[in-house]
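[1] attaching a predicted model along with its sequence, questions to come.
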Amino acid sequence: MSFNQYLYFMSKVLLVLWRIWFYFLSAIPVILLFIPLALFLVLPNGYRYLYWVARNIWAPFVLFGTGFWVKRLNSFPPEGVSMVLVANHSSYMDIMLMFRMRKTPFVFVGKKEIGKIPFFGYLYKRAAILVDRSSAQSRLEVYDQARKVIAKGYSICIFPEKEYLDETVLLNSFKRGAFKLAIEHQLPIFPMIFLDCKRKFPWNTTHGFGGALRVKALDLIETKGMNESDIKPLTEHMHQEIKNELLADPKQHAIRAIEVWKKRTA
């Protein structure tokens, strides 16, 4: 084995160890705090306490421990207002990053499969709105659960891409659920762009590196006065806006991530 081959091999080993370290960091607070976190969810408004722990302990513990820090590129809207949060989704790190974006509690809408993860899944099933994407009934139930969450003054967070695991796609087309929910409840939509996660912590474990994770906020989109006929154009407009921001990124990290992956699979 040549020296260059040895360096390449060691870099891949370190990347795998780094990913294992990420899972380890993610699990430790959940396991150590599992009992109080589970008890929080029994209380009528206990989710606020669980959210505080997730935002102020779990998320920064994982981010900093894995070698990342958050960098907001512009001003964000005021706190205290219920809204629908949307962003591109290209990394496990998006979850921690989203927690750091808002002090006002929000509830994730996510896949039911995540509920199978030991310890974390138990909390997730009781704290998030789970959806079985293969079931029309499950998708309908999301709106009823969201109504209860909004009534408590919380926001809703949805990653709207239909599929997001393909490393060669910059931004998949959007599902309409987030925008239908916003219009149905006349909630403003707060779009964000996560510019670095696709390059620095992709789904695939063979690439990545630490550093700043930049987040750019777009203007709030008010939905007052909108109706069902506005869902499709709003969905398409929001997709194009986020895609344009990814394309216009001066550092081109998402674009470079695609190029790196295409070279690897060529």
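    Okay, I see it. Numbering: from 1, shown residues only.
[2] show me what counts as buried in stretch 112-126.
    For stretch 112-126, the neighbour count (16 or more other Cβ atoms under 10 Å) marks K112, G115, F120, G121, Y122, L123, Y124, R126 as buried. Backbone N, C-alpha and C define where each C-beta goes, glycine included.
[3] quick one: the fourth one and L39, what's the gap?
    Computed as Cβ to Cβ, to the nearest Å, the G121 to L39 distance reads 17 Å.
[4] what does the first one give?
    With the distance defined as Cβ to Cβ, K112 ends up 24 Å from L39.
[5] please apply the same query to Q137.
    Distance, Q137 to L39, by Cβ to Cβ: 31 Å.
[6] out of these two, which sits in the busier spot?
    A count of neighbours by other Cβ atoms under 10 Å puts L39 above the other of Q137 and L39, at 12 against 7.
[7] please, which helix or strand holds that one?
    Assessed by DSSP states H and E, L39 sits inside helix 34-40.
[8] so for the helix or strand just after that helix, mean pLDDT?
    Note on helix 34-40: by DSSP H and E, the next helix or strand toward the C-terminus is helix 47-53. The average of the pLDDT scores along helix 47-53 is 95.
[9] next SSE downstream of helix 47-53?
    helix 59-66.
[10] can you give me the strands in the stretch 1-150 of the chain?
    Under the criterion DSSP state E, counting those that start in this stretch, the stretch 1-150 of the chain contains strands at 68-72, 84-87, 106-111, 129-131.
[11] could you say what helices and strands the longest one packs with?
    This means strand 106-111. Judged by 3 or more Cβ pairs under 8 Å, 6 or more residues apart in numbering; DSSP states H and E, strand 106-111 is in contact with helix 120-127, strand 129-131, helix 136-151, strand 155-158.
[12] reformat those as TSV; add distance to P191.
    Below are the helices and strands packed on strand 106-111 laid out as TSV (distance: least, Cβ to Cβ, whole Å):
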stretch	distance to P191
helix 120-127	23
strand 129-131	20
helix 136-151	18
strand 155-158	11
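[13] Y47: which of those is closest?
    Closest approach to Y47 among the helices and strands packed on strand 106-111 (Cβ to Cβ): helix 120-127, 6.1 Å.
[14] wait, G110 sits on K125?
    No. With contact defined as Cβ atoms under 8 Å, G110 and K125 do not form a contacting pair (10.1 Å).
[15] what bits of this protein have low per-residue confidence?
    The model of the chain has pLDDT under 70 over residues 1, 133-136, 138, 265-266.
[16] could you pull out the helices for the stretch 101-250 of the chain?
    Secondary structure of the stretch 101-250 of the chain (DSSP state H, counting those that start in this stretch): helices at 120-127, 136-151, 177-184, 197-200, 231-248.
[17] what's the closest of those to G210?
    Nearest of these to G210, taken as Cβ to Cβ: helix 197-200 at 7.0 Å.
[18] which strands and helices sit next to the closest one?
    helix 93-99, strand 211-217, helix 253-265.
[19] any chance of a markdown table for these, columns distance to N4?
    Shown next, in a markdown table, are the helices and strands packed on helix 197-200 (distance: least, Cβ to Cβ, whole Å):
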| stretch | distance to N4 |
| --- | --- |
| helix 93-99 | 30 |
| strand 211-217 | 24 |
| helix 253-265 | 17 |
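[20] any chance of the ones you listed in CSV, plus distance to F64 and mean neighbour count?
    Putting these into CSV (distance: least, Cβ to Cβ, whole Å; neighbours: other Cβ atoms under 10 Å) gives the following:
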stretch, distance to F64, mean neighbour count
helix 93-99, 10, 22
strand 211-217, 11, 18
helix 253-265, 20, 15
